[in-house]
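S.K.: need the 3D shape of this:
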Amino acid sequence: MIITRLYAKNVLKYGTLLLEDMPQKGVIGISGPNESGKSSIGETICFALFGRTWSLNEKNRQKVIRWGENRCLVMLRFVAADGKEYEITRHLDSDGNHSARLSVVGEDEHVTKGADAVKLQLQQILGIKYDEYIESFYLAQRELTTPHPHSDAIKSMAGILSLEEARDEFEREIAHFRKGMVNADSQHIHLQEELEDLGVIPNYLQEMETQRASIDAACDACEQRGEELQEKTSAYLATLNDFQAAKSTRGKSRLYEMLLLLSGAMLASIWLMITLLPERAVSVVMHDLLAKIPFWSDAFLPLLVYLAGAFGLIALLLWKSGSSAASRIRQLESGSGGYHQLFEKSVEQRNSGEDLKLLGLDDDAVELQIDAAQTSTLLSWLKLHQASDKDVQSGANREATWLNQVINLQEERLKQLDEEIAGERDRVHRATGLQHQQNSFQHTVEDNSQQIKVRALATQLLDGAIERVAKKFNRELRDGAGTILPDLTQGQYQHIKLDDDLDVQLFSSKKGDFMEFDEVSSGTQRQVLLAVRLSMSQALADDALKGNQFLFLDEPFAFFDKERTSHSLQSMATLQHLPQIWIIAQEFPEDAEFARHIDCKRIAVDLSST
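M.R.: Okay, the predicted model is just below:
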């Protein structure tokens, strides 16, 4: 940025200040006695660019208005690094109303207007802010010192500040993530304590649910056995009388059938013996026996055959009746024969004790105790179909009562399990929720740990980059100062050494060794400090602005003798990237040469230089 024109109205000392067609190269000298308005020129430039001066900030900038006036105006033209010539105009009144406009010279449309908008736009065009300008390219009327290596302005211009800000942001994030890890870990521990207080046993809920399902199935099986036993008992008792009647009929039929068959056979035998073998002794005996029967005659012998046939016929009828009874018995046995197996199966299930074992109980837990011998006898009678209806009903009632008592125990256990399962489900649900929270906090710890590792690595890389950039900048500053210093000191001091804090050591050609800064005279110290400042301005103009930049020095040669001042002025013309240098002094050596010399008068309120 090179200044080409400055116009001000009612700013600081001047009623009117006009500097036209300022040379873009060379030294611009500003001289005059005390209170002649020399520093006002530098502060007017600063106010035009940033809306404030080195001595007046935004809160009290109304003091920039000339005494007795209520408003001021400043217009500044400059050539930026993009090659365009810009003009910035600012207005300020005593009420604090502040306006600004930025435009390109020769173009009708302005770039932007408004103090804040102009401020942002200028930062992009110039590449520097107020603090950076003051630290780098404006030396106010103050004691000349080394630049502060840790100032934000210097760091920003050197390209270090953005890296440090990124590193600091990462460090803040690391602290934030660590705090989050500590909090998450604390919450994780607290949740673990709550989980331990809940006392949830792994798989205990599943075990209870499995046990309940088994008991519920056993209860249903007992109810089914009881219902089936009662139903089959009723059916069995309903057929028992028919079975016994059919069995009696079959027995009588077989007895009468045998008697009739024997009688018929005997009669037929008598008839055959008497009729066919009358001479035999047996036949004679039989005939004599028949003769003893009253009213018997041989004419009745055929009746024996008829009687034998009748007996055979009756026996046949009795056989058919017995067969029918036997068929009925088989039918009844087929219909009720499963009752014996059912009863026996029920007894076996009871004797196995599985229903009670499932409840964790023994036989004594059931109030009814069934006599095993009595049950065994009943099973034997049932197998032979000889049990009475009373015995059957009594046995069935005992089994049903036992089953009902077992069912009651099962239902009590089911009710107890339902309560325990409900409570355990609630605990498991709460534990699951706590575990989800634990997992979330654990994930937070792991994620934060990873984030910390990434940012720690980024911080290390940034530290390395900051160190490299700082060393590069310090090297440029040292090399630049080493180039400028011989010109300022007339070759008496050839080399300069700067550490990371910009502390200075000088190489004396006379002594052939480096000297501490405090070993040289105060005049030489100021020359060295000026060389460092000029070197820094060169380095920043090259690294940060990437273009030419004006430099404003307010009385840099204070306490210099004329010879040192002359040599210093001559060396100014050779500075790289700083083609336009404004220098203020009360007076300059007579042989000093300037691109333009501005002479300020103490009593003059208007100043014009064209």
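
S.K.: mind checking pLDDT for the residue lying closest to D391 once chain neighbours are set aside?
M.R.: In space, and not counting its chain neighbours, D391 is closest to L378: 5.8 Å by Cβ to Cβ, 6 or more residues apart in numbering. Where C-beta positions appear, they are placed from N, C-alpha and C, glycine not excepted. On the pLDDT scale, L378 is placed at 85.

S.K.: quick one, what contacts L378?
M.R.: Applying Cβ atoms under 8 Å, 6 or more residues apart in numbering, we find L378 in contact with 343, 387, 391-392, 395.

S.K.: and of the residues you listed, the nearest to D513?
M.R.: F343 (125.2 Å; Cβ to Cβ).

S.K.: relative to A221, how far out is that closest one?
M.R.: For F343, the distance to A221 equals 16 Å [Cβ to Cβ, to the nearest Å].

S.K.: so between the two, which is more surrounded?
M.R.: F343 (24 against 16; other Cβ atoms under 10 Å).

S.K.: hmm, L229 and the more buried one touching each other?
M.R.: Yes - assessed by Cβ atoms under 8 Å, F343 is found in contact with L229 at 7.1 Å.

S.K.: mutual contacts of the two, please.
M.R.: 396, 399.

S.K.: quick check: end-to-end length of stretch 362-369?
M.R.: 12 Å (Cα to Cα, to the nearest Å).

S.K.: which outside residues touch it?
M.R.: With contact meaning Cβ under 8 Å, 6+ apart, stretch 362-369 is reached by 353, 356, 359, 398, 401-402, 405-406, 409.

S.K.: what's the closest non-adjacent residue to E171?
M.R.: Nearest one to E171, counting by Cβ to Cβ, 6+ apart, is T459 at 6.3 Å.

S.K.: repeat that for D591.
M.R.: Once flanking residues are discounted, D591 sits nearest to S566: 6.3 Å by Cβ to Cβ, 6+ apart.

S.K.: returning to that earlier point: what's the farthest-apart pair in the contacts of stretch 362-369?
M.R.: Taking Cβ to Cβ, no two of these sit farther apart than L359 and R398, at 20.4 Å.

S.K.: can you classify the residue nearest to E171 as helix, strand or coil?
M.R.: State at T459, reduced to three classes by DSSP: H, G, I helix; E, B strand; the rest coil: helix.

S.K.: burial of it, as a residue count?
M.R.: Residues near T459, counting by other Cβ under 10 Å: 19.

S.K.: roughly how far does it sit from D168?
M.R.: Counting by Cβ to Cβ, the gap from T459 to D168 is 9 Å.

S.K.: got it, and Q230?
M.R.: 89 Å.

S.K.: could you chop this structure up by domain?
M.R.: 2-146+530-609, 169-198+423-462, 204-420 (automatic domain parsing).

S.K.: would you map the strands across the stretch 101-250 of the chain?
M.R.: With strands called from DSSP state E, counting those that start in this stretch, the stretch 101-250 of the chain shows them at 110-113, 138-139.

S.K.: redo the ones you listed as TSV? Include mean neighbour count, mean pLDDT and distance to T210.
M.R.: Output for the strands of the stretch 101-250 of the chain, formatted as TSV (neighbours: other Cβ atoms under 10 Å; pLDDT from 0 to 100; distance: least, Cβ to Cβ, whole Å):
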stretch	mean neighbour count	mean pLDDT	distance to T210
strand 110-113	15	89	79
strand 138-139	24	83	87
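
S.K.: with distance to T483 added, can I get the ones you listed in TSV?
M.R.: Shown next, in TSV, are the strands of the stretch 101-250 of the chain (distance: least, Cβ to Cβ, whole Å):
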stretch	distance to T483
strand 110-113	38
strand 138-139	19
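
S.K.: among those strands, which comes closest to L261?
M.R.: It is, among those and with distance given as Cβ to Cβ, strand 110-113, at 143.1 Å.

S.K.: the helices in this protein, which residues?
M.R.: 38-50, 115-126, 130-136, 152-158, 161-198, 204-276, 281-291, 301-352, 354-358, 372-384, 389-488, 522-540, 562-572 (DSSP state H).
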